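1. What follows is a predicted protein model with its sequence.
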Amino acid sequence: MAEAVTDNTDIVASNNADNSAIDSEPSKNKVLEGLGNIDLMRQVVIILSLAISLALLIFVMMWAYEPDMRPLGKMDTEELVETLNFLDQNKLDYKIDGNTVMVKMSEYQNIRLLMTRAGLINDSEAGDNILMQDMGFGVSQRLEGERLKYSREQQLAKAIEALNPVKKARVLLAIPKQNVFARQTKQPSATVVVSLASGRALLQEEVDSIVDIVASAVHGMAPGRVTVTDQTGRLLNSGSQDPLSMAQRREYELERKREQEYLEKIDTIMIPTVGIERYTAQVDVDMDFTAVEQTHRSYNPDLPAIRSEMTVENVNSGDLAVGIPGALTNQPPLDANIPEEAAGGEGQSTPTSSHREATRNYELDTTISHTRQQIGVIRRLSVSVAVDYSDSVDAEGNPTTTPRTQQELDNIRRLLQGGLGFSLQRGDTLEVVTVPFVRPDLGLMEEKAFYDTEWFRYSIKWFMLALVCIALILGVMRPMLKRLTSSDEVQDDALLLDGPVAGKLDDTMLAAQEALLEADNDELISTLTSGRLELPDLHRDEDVLKAVRALVANEPELAVQVVKSWLEDS
């Protein structure tokens, strides 16, 4: 069928010399000639479409080559200026979006490391600068006091920022006015807000040091009047809580700290023994924070001792009158009646006097002891350790796991008892068991997360770029170029009829043109110019058949003449 169409085209074309001249035209002029044959409006539309397509292609190329950006964080004005100066000095590419600095994702970690090493902090000594400023004569006493208080706040903030975990600090002082009446005197208070560095936390000792720094720097301030909080709103030290709540919080933190110390000891023992991630341990510490003071007195009755002794003894004998020296003796008066006959004195005894008195005090052996028990003593220690199965090989040579032997568990238990200070008298408990650990399928996890890899993101980007380029070329540029070159291709395939046949074909081609338009083919447009018949671009077999059928149906005589021409040429 294609050969017949070709023969048809060659026979209808009567001027082979003209066809050869058309074929010899330079291909570079086809586009310009085709553009010249189109009306002005279509030329403008085609040029604008090509320009838009080219701009879209350039935009897609720039988007593909633009690196991914990641923000360093939202900063205040001072930090933003210092960060920009640092990036400019190191000649690093960045973008600014408000107060957010964005850098290349591939250089993000390196830039963060360089900024950490540079220590980008605010070194302005605002407190000292305010002290050095000239107050002038018109400054009131209240304003001067506020400036001095602000200066002290800045100095305290600088002192707190010297701590390693603290990135930035702000101190607010509430100092009441002095009062001459002692009962109406109010105590000062302070609030400290600290911004911690990324991944850092304040220990209780560091919080206590901040409280002591502020309390000791302000005259008359008690440590209990200082409140410390971090940038997340977590209360580190309260100046308004009652002492009981503060004591309970400190006791809880002390227990957690002691548990962490025991866990570190367990890690020191277990890591060299069974390996990392081959065991898990938990420690529970029960501590006694009761403050107890005792005074004890004991007696030993087996060891008595004489404390004091007093003895008095009086003995009187003889008949002599005795008395006080210098006084008269005991004699009867002169007119006393004396009996005429006195009894004989042979049987009378000599008068005597005796007095004896003894007092003896005894003291028992006494012991007095005063005892003050230590606060925060461990009351009971409970430790649980789970050990993973050991790796082994079965009979077929495949890797497998087997439970650990009782001897291995006993050895681990003895090591932990000695390292942790295990005490049976205290009631401590220690459990060591062997259980199989659940191991996740790493291969499955990697397969699910393939879209998070860097190569996948770059592949998607380049695939979208290639898809857009192909769509622009095939959907926009190729049809436009084809329309521009269609007129020259029509000249290559044109059927040029000269002589008397062309005169008879004038009306016939008009009828053929109407038939071709009814066939809903925009490309089949025929024109009659200067006695020649130009057939449209007939590249498809269906178009050629439609044109031939239209000619034969409208002008059968013309078809007969064409057949005669074929016979004469053959």
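-> Okay, I see it.
2. Every contact and neighbour count from this point should use C-alpha atoms.
-> OK.
3. So in terms of bridging, what pairs with Gln282?
-> Under the criterion DSSP bridges, Gln282 forms beta bridges with Ser384.
4. what residues go with each domain of this protein?
-> Here the domain assignment for the chain is 2-57+468-569, 69-118, 128-240, 258-306+358-439, based on automatic domain parsing.
5. residues touching Glu396, list them.
-> With contacts defined as C-alpha atoms under 8 Å, 6 or more residues apart in numbering, Glu396 has no neighbours.
6. Checking it next. Helix, strand or coil?
-> For Glu396, the assignment made with DSSP: H, G, I helix; E, B strand; the rest coil gives coil.
7. The one 5 residues further on now?
-> Secondary structure assignment for Thr401 (three-state DSSP): strand.
8. Contacts only, for it.
-> With contacts defined as C-alpha under 8 Å, 6+ apart, Thr401 is in contact with Tyr389, Ser390, Asp391, Ser392, Val393.
9. Could you find the closest non-adjacent residue to it?
-> Nearest non-adjacent residue to Thr401, counting by C-alpha to C-alpha, 6 or more residues apart in numbering: Asp391, 4.5 Å away.
10. sorry, back to before: please convert the domains of the chain to a markdown table, extending it with distance to Ala247.
-> As requested, the domains of the chain are exported to a markdown table (distance: least, C-alpha to C-alpha, whole Å):
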| stretch | distance to Ala247 |
| --- | --- |
| domain 2-57+468-569 | 69 |
| domain 69-118 | 38 |
| domain 128-240 | 11 |
| domain 258-306+358-439 | 10 |
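11. May I see these organised as TSV, with mean pLDDT and distance to Trp455 added?
-> Supplementary listing: the domains of the chain in TSV, determined by pLDDT from 0 to 100; distance: least, C-alpha to C-alpha, whole Å:
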stretch	mean pLDDT	distance to Trp455
domain 2-57+468-569	58	20
domain 69-118	78	13
domain 128-240	83	30
domain 258-306+358-439	88	28
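12. Indicate which one of those is closest to Val312.
-> Go through these one by one with C-alpha to C-alpha and the one that ends up closest to Val312 is domain 258-306+358-439, at 6.0 Å.
13. returning to that earlier point: which of the contacts of Thr401 fall in strands?
-> Among the contacts of Thr401, the members found in strands (DSSP state E) are Ser390, Asp391, Ser392, Val393.
14. Compare those residues and tell me which is most surrounded.
-> Going through these with other C-alpha atoms under 10 Å as the criterion, the one with the most neighbours is Ser390, at 16 neighbours.
15. if I read this right, it contacts Arg404, doesn't it?
-> Yes: in terms of C-alpha atoms under 8 Å, Ser390 counts as a neighbour of Arg404; the distance is 6.2 Å.
16. check which helix or strand covers Val228.
-> If you go by DSSP states H and E, Val228 is part of strand 226-230.
17. partners of that strand in the sheet?
-> Taking DSSP bridges as the criterion, strand 226-230 pairs within the sheet with strand 189-196 (parallel), strand 235-237 (antiparallel).
18. Name the residues of that strand that are buried.
-> Buried positions in strand 226-230, judged by neighbour count with 16 or more other C-alpha atoms under 10 Å: Val226, Thr227, Val228, Thr229, Asp230.
19. who's in contact with it?
-> In this structure, residues lying in contact with strand 226-230 by C-alpha under 8 Å, 6+ apart are 189-196, 207, 211, 214-215, 235-240.
20. Just confirm Ile160 is within a strand.
-> No: with three-state DSSP as the criterion, Ile160 is assigned helix and is not in a strand.
21. you'd agree it is up against Val166?
-> Yes: under the criterion of C-alpha under 8 Å, Ile160 lies in contact with Val166, with a separation of 7.2 Å.
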